[in-house]
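**Q** Could you look at this predicted model? Sequence included:
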Amino acid sequence: MIEQIVEMLQGCQLPSEAIGQAVFYLIAGLAVAGALLAVSLKNIFHSALGLAAALVSVAGVYLYLEAEFLAAIQVLVYVGAVVTLMVFAIMLTTDIGRSRESQWNGQPLPAALAAIVAGVLVIGATLQVARPMQAAVARGLGETAAIGRLMLGPYAIPFEALSVVLLVALVGAVVIGAPRNPRSSVKR
């Protein structure tokens, strides 16, 4: 189906680079929309679904960049495991969606300033990294074998540390979701 859409768009006499940019901006727009939904919705379950949409869109960006392995890992680890864990934690935690606390902290100016600074930092980092990344992809560093060598070589310790962080997050979710029974064996 995607090939048919690409063929149809190529029939419009657009250069292939323009079509590629349009596809990239569409996928990136979906990622940004999912992220905005994740942070702006009041229902925490719907926010988790927005996060899932953003993470699937990031996998789409990886596919666009021809990094199929990273796209598969993105879907398996983040969407398949982390978001599922979040959804189960939300569902098992009693009354988390019924909170009556205000979502407004009354500080729009600092929030806008922080968003502008974060945007400038992201744009600056993107401009600094864009050219070296293109050279790395040209050298074949995005291939599955090269990623495996890096994960089992110099990045083995950070990779294992990430698994410990995820385990701590799982235990934290269980502790937070545990019933507040004074006779419970879980100490707070």
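**A** Yes, it's here. Residues are numbered from 1 along each chain as shown.
**Q** which residues of this structure score low on pLDDT?
**A** Within the chain, the segments meeting pLDDT under 70 span 1-16, 94-103, 129-142, 179, 181-188.
**Q** Give me the nearest residue to the spatially most central residue of it, chain neighbours excluded.
**A** In the chain, the centroid-proximal residue (C-alpha atoms, centre = their mean) is Leu55; its distance is 3.8 Å. What sits nearest to Leu55 in space, not counting adjacent residues and going by C-beta to C-beta, 6 or more residues apart in numbering, is Tyr78, at 4.6 Å. Where you see a C-beta, it was placed from the backbone N, CA and C, and this is true even at glycine.
**Q** which residues of the protein fall in helices?
**A** Applying DSSP state H to the chain gives helices spanning 2-10, 16-40, 44-64, 68-73, 84-92, 108-138, 144-152, 156-177.
**Q** in the fifth one, what counts as buried?
**A** Applying a neighbour-count criterion of 16 or more other C-beta atoms under 10 Å, the buried positions in helix 84-92 are Met86, Val87, Ala89, Ile90.
**Q** what do you get for the last one?
**A** For helix 156-177, the buried set under the neighbour-count rule, 16+ other C-beta under 10 Å, comprises Ala173.
**Q** What sits closest to Leu49 if chain neighbours are left out?
**A** Per C-beta to C-beta, 6+ apart, closest to Leu49 is Leu37, 7.8 Å.
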